[in-house]
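Peer 1: Pasting the sequence and the predicted model now:
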Amino acid sequence: MEARLVIWLISALVVFSNGQRFKSDRHNLPLNDLILLSDRAFEERSFTSFRLPNTSVPTQYMLELDTNVHLNQFTYSGKVQIQLTTLQATNQIVLHSSGSTINKLQLYNANQLPLALNEYIVDEERQFLIINVKETLPANANYRLLIEFTNQLRNDLTGFYQSSYQAEDGTTKYIAVTQFEASFARSAFPCYDEPWIRATFEISISCGLSYKATSNMPFAAIAIQPDQKKLTRFRVTPRMPTYLVAFMVTDFVSKRVILKEPTSLTMEIFARSSAIDELDLGLQKGVDAIRAIERYFDITYDLPKLDQAAIPSFMFGAMENWGLVKYAERYLLYNDNTSSNWDKEAIVATITHELVHQFFGNLVTPKWWTDIFLNEGFATLYEYQISAEIEPSIRYEELIAVEAVQTALYVDSRPSTRPLSHYVETDLMSVFDIIAYQKGGSVLRMMKHALGESTFQNGLRRYLRDNQHSAVDPNDLFESLQSAAKEDAAIPQTTTVGAIMSPWVYESGYPLVTVSWTPTSGEVVFRQQHFSDGTPDSRTWWVPISFRLSSQPVSDETETRVWIPQGTLQVAVSLDIPSDEYLLVNPHQTGYYRVNYDGELWGKLIDKLMADHDAIPAVSRSQLIDDSLKLAMGGQVEVEVTFELLKYLKNEEDYIPWYTALASDNLQFINKALLVDEVAYGALKAFVGSLMEHLIITLGFEERSSEPHEHQQFRAMAIEWGCRMGYDRCRTGAHQLMMEDLEGSQLLPSYIKQSIYCGGLMDATQEEFVAVFNAYQRSTDLSERAMYISALGCSENKQFLIDFLVIVLGAGQEISLRSGEALQIVRSVYSRTNIGHEAFQAWLEQFNDLILSSSIGRQADFHAILADVENRKANFGNFAQLITLLKAWKDQTEGGVISK
Ligand SMILES: [Zn+2]
């Protein structure tokens with residue numbers, strides 16, 4: 001799935017990482033939620049009883065469903081016949097079922113004679129259907145289990161569920177769709193719902209004549225029934241796990257392309273009829289992606305068709321069901337006039353992610369959810385790599401470092417992190433997280449560079465070929481990579497791929513590599529130690545060290561120059577570093593670790609950044625910012641080093657380093673910590689504002705026809721930050737554009753509207769503030785309302801903000817708040833500026849009793865905000881050194897850097 005992630009409700013966005021793409025946006029991912037997410041995910045489980053006993057396994061399913069969603073009726077009836085084999089003598093058949101009412105149940109032997117049953121039991125907690133047979137069934141015997149049942153389409157986006165959309169004539173149309181990963185197939189029909197179990201499925205669906213049934217396979221036959229419904233019977237699937245089964249009953253329209261060379265394949269894309277003009281990009285990129293994936297892995301997608309469907313309500317970003325991939329609409333539908341560049345970027349990446357799963361996940365499946373990184377890690381890695389191939393205008397190969405590697409490094413340094421391989425039994429969705437996706441992709445990317453692209457590629461081709469149509473664990477991957485590595489002599493003879501990868505897969509966390517240079521001996525020492533926000537321990541890893549030294553050039557500077565073996569704390573290398581040179585370790589951040597340097601080596605890097613930053617790759621600049629900030633916050637490097645390094649940003653015009661600098665875990669984190677104190681916050685604003693001045697002038701407010709793809713989102717990010725940091729020309733420019741948009745004389749594109757309104761509202765008059773507030777109240781579009789709320793919180797007038805907060809207490813009948821908007825308002829005010837913080841405190845003090853007795857005052861999320869404010873105050877003291885530097889800098893420059 002795509003997580004764009006899994007599973008988790010995050011205030012600003014729903015981030016789901018399931019089989020879907022989880023695009024982690026480090027600018028919108030609230031830090032606290034990120035922490036909660038990782039903390040929540042990894043409670044240890046000890047019981048084992050939620051696994052099927054597996055005394056029998058299915059070989060074939062014949063599933064018939066009768067639906068009435070075309071009549072807006074949500075009950076359905078079904079009949080499933082399961083051919084099964086006993087693996088040992090038993091008098092119980094145990095499979096999964098949840099929510100179905102069973103009307104008939106019969107077990108037949110190989111001669112089609114019914115067997116006498118004692119009873120069957122539905123174990124609600126474990127979602128087991130336990131069938132007790134009067135006689136003991138011998139091992140290795142075949143049976144047919146017949147179950148007739150009725151059920152309701154669910155309304156929680158899981159299992160077989162109802163979705164709806166508004167048709168162009170204003171009527172509500174209902175459709176029925178599935179989402180089975182991880183364990184929701186059992187709620188649609190009784191089945192053996194574990195990922196290692198593969199069986200064939202022959203599915204038939206009856207629906208209204210104006211609707212169409214679609215499933216994993218093409219239809220084999222369609223018949224009109226006496227009841228004036230249409231019965232569609234689909235061809236038999238390959239052997240596959242239940243979580244990849246999919247079907248839907250819709251009145252969607254579609255576009256189709258039939259590919260001939262090198263193999264024949266029909267690709268069709270489905271959506272509601274009003275989106276018929278938004279399907280071309282998805283269809284074309286689907287074609288491009290599947291062909292690129294087939295070439296890279298030298299393998300053929302061997303189902304006859306590959307459909308993609310845009311679902312109006314979908315829990316995840318997308319889901320890779322074999323032959324019928326489903327997407328949330330925003331990750332598939334592209335409108336030439338209204339979609340943003342970011343939309344396109346996410347659509348291409350999501351499609352690629354899901355199509356990589358057609359092999360990593362569908363063809364080869366992990367034995368259990370423990371190793372879901374074998375699906376999601378590969379889908380993440382190749383989502384970026386293959387997307388870069390099919391859409392070269394987007395810098396995916398660099399974005400993987402800032403979106404995936406750095407996000408994973410951040411989460412994986414928390415004490416609550418977990419290993420990539422992690423057993424779960426009940427809370428299955430908890431492993432669809434940043435570790436499975438972003439760390440999985442990052443560790444596999446490191447191995448790709450450590451072994452070399454062609455060795456890694458050969459190993460993966462072997463892995464897919466040798467394990468196709470079966471279930472795997474990490475050892476199967478190690479073996480395939482080992483045989484390729486051995487052929488190419490890609491790793492030291494003293495070790496194996498399994499030995500190298502094991503600590504990365506079976507241990508949590510990662511190392512910090514510290515580099516020190518002794519000029520007199522000409523020796524560079526690389527030392528490893530566990531990097532943790534908590535207490536580092538003595539664990540070690542096999543660490544591939546790559547570096548750049550321009551006097552010692554290599555054709556591929558990501559290649560491993562030296563390994564630090566597991567169990568070894570340091571290795572030394574003879575290196576001459578001339579006085580005008582710098583040593584850059586882990587260029588392009590291909591290794592999954594942080595790097596610290598001694599003072600002299602940091603100094604050389606900073607000198608280079610100040611003099612000629614473009615000489616260092618953008619990802620490495622971004623990585624130096626990220627590592628130095630994290631090391632400074634952890635007390636592992638002098639704050640002065642980081643402070644001096646950040647100064648080079650005044651010349652930086654590239655999105656990649658700025659993305660990292662302004663991320664929630666970097667300057668945004670510091671912004672939140674310092675805003676409790678007006679003087680400290682003023683010094684931060686002056687400093688960061690001065691760094692951004694040149695950038696804002698360069699990017700401007702208007703889009704240019706030939707500018708790079710990422711400049712849309714870059715401009716939006718820079719304007720919001722530059723204005724907040726007090727840069728006057730930013731505020732006046734934003735204010736003018738906001739007024740033109742409000743008056744309707746020049747409408748803003750949606751991608752930048754929030755940033756412009758945020759900047760424009762900072763110094764707005766009461767009349768202007770009220771005008772925007774009224775626009776918010778008039779809007780009926782939830783995402784537009786959220787945009788206005790976020791922008792209103794940018795005001796730097798304390799009284800306006802207090803008045804804004806007062807409305808969450810329910811004052812004034814004419815003010816309408818939708819569900820969740822009260823919390824959105826509080827969040828937009830309390831966490832972004834010093835004035836917002838003061839307004840929040842004043843509101844708390846003034847209305848304390850009213851708040852506590854109001855509905856918001858009783859919400860757990862509100863109490864989490866109160867705790868966050870207290871943490872922030874406590875955290876302030878940790879930034880004493882930085883504040884001293886900022887104040888000294890401000891005093892020296894007398895604030896004269898900020899343009900007036
Ligand atoms: Zn996925």
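Peer 2: Arrived safely, thanks for sending.
Peer 1: Tell me how many other residues surround the residue lying closest to residue 823 once chain neighbours are set aside.
Peer 2: Nearest non-adjacent residue to residue 823, counting by C-beta to C-beta, 6 or more residues apart in numbering: residue 861, 5.5 Å away. Glycine gets a C-beta too; all of them are placed from N, C-alpha and C. Using other C-beta atoms under 10 Å, residue 861 has 13 neighbouring residues.
Peer 1: So what does residue 861 look like in phi/psi?
Peer 2: Note on residue 861: its backbone torsions stand at phi -60, psi -30 [degrees, to the nearest 10].
Peer 1: How about residue 768?
Peer 2: phi -70, psi -40.
Peer 1: before we move on, what about residue 78?
Peer 2: phi -150, psi 160.
Peer 1: Give the burial count for the spatially closest residue to it that is not a sequence neighbour, as a bare number.
Peer 2: Spatial nearest neighbour of residue 78, excluding adjacent residues (C-beta to C-beta, 6+ apart): residue 65 at 4.7 Å. For residue 65, the neighbour count with other C-beta under 10 Å is 24.
Peer 1: any idea which element the residue of the stretch 351-500 of the chain at minimum distance from the ion lies in?
Peer 2: Of all residues in the stretch 351-500 of the chain, residue 379 sits closest to the ion, at 4.1 Å by C-beta to the ion. Residue 379 is located in helix 373-390, with elements delineated by DSSP states H and E.
Peer 1: helices or strands up against that helix?
Peer 2: Packing partners of helix 373-390 (3 or more C-beta pairs under 8 Å, 6 or more residues apart in numbering; DSSP states H and E): strand 20-21, helix 280-297, helix 341-357, strand 364-366, helix 396-399, helix 440-451.
Peer 1: related to what we said a few turns ago, so which bits of whichever strand or helix holds the residue nearest to residue 78 are buried?
Peer 2: Element membership of residue 65, judged by DSSP H and E, is strand 56-66. Within strand 56-66, the residues that count as buried by 16 or more other C-beta atoms under 10 Å are 56, 57, 58, 60, 61, 62, 63, 64, 65, 66.
Peer 1: how about the helices in the stretch 651-800 of the chain?
Peer 2: Under the criterion DSSP state H, counting those that start in this stretch, helices of the stretch 651-800 of the chain are mapped to 655-661, 667-674, 678-699, 711-724, 728-743, 750-761, 766-778, 782-792, 798-806.
Peer 1: Could you list the residues in contact with the fourth one?
Peer 2: It stands for helix 711-724. Helix 711-724 has contacts (C-beta atoms under 8 Å, 6 or more residues apart in numbering) with 27, 340-342, 655, 658-659, 662, 685, 688-689, 692-693, 695-696, 699-701, 703-704, 730-731, 734, 751-752, 754-756, 758-759, 762, 794, 832-833.
Peer 1: could you give the angle of it to helix 667-674?
Peer 2: With axes from the mean of the first three to the mean of the last three C-alpha atoms, to 10 degrees as the basis, helix 711-724 and helix 667-674 are set at 20 degrees to each other.
Peer 1: okay, helix 711-724 in PDB with CA atoms only?
Peer 2: Output of helix 711-724 as PDB, limited to C-alpha atoms (Å, rounded to 0.1, in the frame of the first residue of the first chain):
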ATOM      1  CA  HIS A 711       9.700  25.600  -7.800                       C
ATOM      2  CA  GLN A 712       5.900  25.600  -7.200                       C
ATOM      3  CA  GLN A 713       6.200  24.000  -3.800                       C
ATOM      4  CA  PHE A 714       9.500  25.700  -3.200                       C
ATOM      5  CA  ARG A 715       7.900  29.100  -3.700                       C
ATOM      6  CA  ALA A 716       5.000  28.300  -1.400                       C
ATOM      7  CA  MET A 717       7.400  27.100   1.300                       C
ATOM      8  CA  ALA A 718       9.700  30.000   1.000                       C
ATOM      9  CA  ILE A 719       7.000  32.700   1.100                       C
ATOM     10  CA  GLU A 720       5.300  31.300   4.200                       C
ATOM     11  CA  TRP A 721       8.700  31.100   6.000                       C
ATOM     12  CA  GLY A 722      10.200  34.300   4.700                       C
ATOM     13  CA  CYS A 723       7.100  36.300   5.700                       C
ATOM     14  CA  ARG A 724       6.900  34.600   9.100                       C
END
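Peer 1: returning to that earlier point: look up how far residue 892 lies from the residue nearest to residue 823.
Peer 2: Remark: distance between residue 861 and residue 892 (C-beta to C-beta, to the nearest Å) = 43 Å.
Peer 1: cool, and residue 824?
Peer 2: From residue 824 to residue 892 the distance is 40 Å (C-beta to C-beta).
Peer 1: cool, and residue 196?
Peer 2: 65 Å.
Peer 1: before we move on, back to that, residue 824 and residue 892: which is more packed in?
Peer 2: residue 824 (20 against 9).
Peer 1: does residue 797 really touch residue 769, like I thought?
Peer 2: Yes. The criterion here is C-beta atoms under 8 Å, and residue 797 meets it with residue 769 at 7.2 Å.
Peer 1: tally of neighbours for the closest residue to residue 58 other than its chain neighbours?
Peer 2: Excluding the flanking residues, the one nearest residue 58 by C-beta to C-beta, 6+ apart is residue 199, at 4.4 Å. Counted by other C-beta under 10 Å, the residues lying close to residue 199 total 21.
Peer 1: Low-confidence regions, the stretch 1-150 of the chain specifically.
Peer 2: Applying pLDDT under 70 to the stretch 1-150 of the chain flags residues 3-48.
Peer 1: where do the helices sit along it?
Peer 2: 31-41.
Peer 1: coming back round to it: now do the strand holding residue 65: distance to the chain's middle.
Peer 2: 33 Å (C-alpha atoms, centre = their mean, to the nearest Å).
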